[in-house]
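In: this one's sequence-less:
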């Protein structure tokens, strides 16, 4: 894990603590801009992994697919130091020969209050930008 996080130049590359928990306990930090840059590298096969591996992950990421667009995304989140929770939704939309990358995060008092909102709000914004249908 440490090697790939470093090779991907992912966020602050801090993988301290339990190997299966650093991305959930707020140890690893990444900004929305860094998420977008990572997604661009992922999308264009510029990460140090095989094309086959990227293609598999791209298939797993499909959340909606229609004749006019494909929405691919991944959620994430966890507790913050201040007792609140953060929820991420990152991905991209392929539509009309264009690709639109997004990274959104919101905070709330508990996980359930943000679980669905992170996706709903992102889709509302993308619809307002005419990336997704209204």
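Out: Now that the structure is in, tell me what you want to look at. Since this is a predicted model, take the numbers as computed values, not measurements.
In: tell me the contacts of residue 55?
Out: The contact partners of residue 55, by C-beta atoms under 8 Å, 6 or more residues apart in numbering, come to none. C-betas here are computed from N, CA, C, even on glycine.
In: now with 10 Å?
Out: Contacts for residue 55 (C-beta atoms under 10 Å, 6 or more residues apart in numbering) come out as residue 45.
In: and it, its phi and psi?
Out: Phi and psi for residue 55, reported as degrees, to the nearest 10, are phi -60, psi -40.
In: list the beta-bridge partners for the residue nearest the centre of the chain.
Out: The chain has residue 90 as the residue nearest its centroid, 2.7 Å off, counting by C-alpha atoms, centre = their mean. Beta bridges link residue 90 to residue 74, residue 103 when assigned by DSSP bridges.
In: and residue 86, which of the three is it?
Out: strand (DSSP: H, G, I helix; E, B strand; the rest coil).
In: list the buried residues in stretch 61-81.
Out: Within stretch 61-81, the residues that qualify as buried are 61, 69, 70, 71, 72, 73, 75, 77, counting by 16 or more other C-beta atoms under 10 Å.
In: ranges for the helices of the chain?
Out: Using DSSP state H, the helices of the chain run over residues 2-7, 32-43, 51-60, 111-114, 117-128.
In: which one of the ones you listed lies nearest to residue 95?
Out: Evaluated over the helices of the chain, closeness to residue 95 peaks at helix 117-128, with 9.5 Å, by C-beta to C-beta.
In: show the average pLDDT along the closest one.
Out: For helix 117-128, the mean pLDDT works out to 97.
In: other SSEs contacting it?
Out: Taking 3 or more C-beta pairs under 10 Å, 6 or more residues apart in numbering; DSSP states H and E as contact, the helices and strands that helix 117-128 lies on are strand 62-65, strand 69-79, strand 85-95, strand 98-108.
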